[in-house]
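>>> Sequence and predicted structure, then a few things I'm wondering about:
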Amino acid sequence: MNRILIIEDDVKIARFLELELQHEGYQTRAVHDGRKGLELALRNEHDLLILDLMLPGLNGLEICRRVRQQYQTPIIMLTARDDTIDKVMGLDQGADDYITKPFAIEELLARIRVLSRRMQPATANQCNQYKYGSLVINIAEHTVTYQSNSIELTRTEFELLLYLARNRNIALTRDQILDAVWGEDYFGGHKIVDVYIRYLRSKIDDVYNTNFIHTVRGVGYSFRNEKTSS
């Protein structure tokens, strides 16, 4: 994950990010307009997008949505406010992570490292496929199906489901899930785990009337054998 596209209308912030990232060995390009940023992002020449929420020409949410229609390039969304709604909207459009301004460069670098680790391919000794009743998780193809119906998941949703499934019948704390899926360097709180659990349930349990993902009161969550909801 070496080539980073920065889409940020604040020239000083964009330049600061470029200098710091280049110092860490990354190749960067910065643009300050939403439409130009989308044009470059859709060329699919970058390994990571750092995307501001508020941009002239085209806002960050729309850029994120359009990129996700074609590519799974990791996206870190920058938000000027600490409002939950801004973060949830960004995640809904397919962003992999978010960071609130102002932020320390060390935090951003940590987020990039987390995404980089998650992008690493599965090792050869890992099982390539997990099957739980009618639910099939294919690691090699990065796909999930239920009764042969394709379930479209973002990269983070897939990693979360895979972690839960690999630890079937084990009650996992939010801290365990956060470390495994987002990494120990992640600076955000537990709320992001609950948000993504809700996303998974809305795409699997709610759609197919199943009950794979269980809330363990006072602990966290557990993935269990398929059970049809009543």
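Now that the structure is in, tell me what you want to look at. Remember, predicted model here, so these are calculated numbers, not experimental data.
>>> Look up how far Thr173 lies from the residue nearest the centre of the chain.
Centroid check for the chain by CA atoms, centre = their mean gives Asp96 as the closest residue, at 2.5 Å. Asp96 sits 22 Å away from Thr173, going by CB to CB, to the nearest Å. For the C-beta atoms, the positions are set from N, CA and C on the backbone; glycine is no exception.
>>> Can you name the next helix or strand after whichever strand or helix holds Val193?
With elements taken from DSSP states H and E, the one containing Val193 is helix 191-203. On the C-terminal side of helix 191-203, the closest following helix or strand by DSSP H and E is helix 205-208.
>>> I'd like the next helix or strand past that following helix.
strand 213-216.
>>> Against which helices or strands is that next one packed?
If you count contacts as 3 or more CB pairs under 8 Å, 6 or more residues apart in numbering; DSSP states H and E, strand 213-216 packs onto helix 191-203, strand 220-223.
>>> Go through these and pick out the most buried.
strand 220-223 (a mean of 21; mean count of other CB atoms under 10 Å).
>>> and that strand, which strands flank it?
Strand 220-223 pairs in its sheet with strand 172-173 (antiparallel), strand 213-216 (antiparallel), by DSSP bridges.
>>> Leu51 - that's part of a strand, no?
Yes - with DSSP: H, G, I helix; E, B strand; the rest coil as the criterion, Leu51 is part of a strand.
>>> thinking again about what came up before, now do the phi/psi pair for the residue nearest to the centre of the chain.
According to degrees, to the nearest 10, the main-chain angles of Asp96 amount to phi -90, psi -30.
>>> Can you report how many residues neighbour the closest residue to it other than its chain neighbours?
Distances taken as CB to CB, 6 or more residues apart in numbering place Pro74 nearest to Asp96, at 4.9 Å, with adjacent residues excluded. Using other CB atoms under 10 Å, Pro74 has 24 neighbouring residues.
>>> Quick check, Pro74 in contact with Arg113.
No - taking contacts as CB atoms under 8 Å, Pro74 lies outside contact range of Arg113: 11.6 Å.
>>> Break down this structure into its helices, ranges please.
According to DSSP state H, the chain carries its helices in the segments 11-23, 34-41, 60-68, 84-92, 105-118, 155-166, 174-177, 191-203, 205-208.
>>> Mind listing what's buried along stretch 39-55?
40-41, 46-55 (16 or more other CB atoms under 10 Å).
>>> which residues sit against that stretch?
For stretch 39-55, the surrounding residues in contact (CB atoms under 8 Å, 6 or more residues apart in numbering) are 1-10, 17, 29, 31-34, 37, 59-61, 63-64, 66-67, 70-71, 73-80, 86, 90, 95, 108, 112, 115.
>>> List the residues that contact Phe71.
Just so we're on the same page, residue 71 is Tyr rather than Phe. 41-42, 44.
>>> What count of nearby residues applies to Asp59?
To be clear, residue 59 is Asn; Asp isn't right here. Other residues close to Asn59 by other CB under 10 Å number 15.
>>> ok, now Ala110?
Ala110: 17 neighbours (other CB under 10 Å).
>>> try Gly34
Neighbours of Gly34 (other CB under 10 Å): 21.
>>> residue contacts, it?
With CB under 8 Å, 6+ apart, Gly34 has these contacts: 7, 9, 55-60, 62-63.
>>> Among those, which pair sits farthest apart?
Largest separation among these by CB to CB: Asp9 and Glu62, giving 14.3 Å.
>>> Cool, thanks, talk later.
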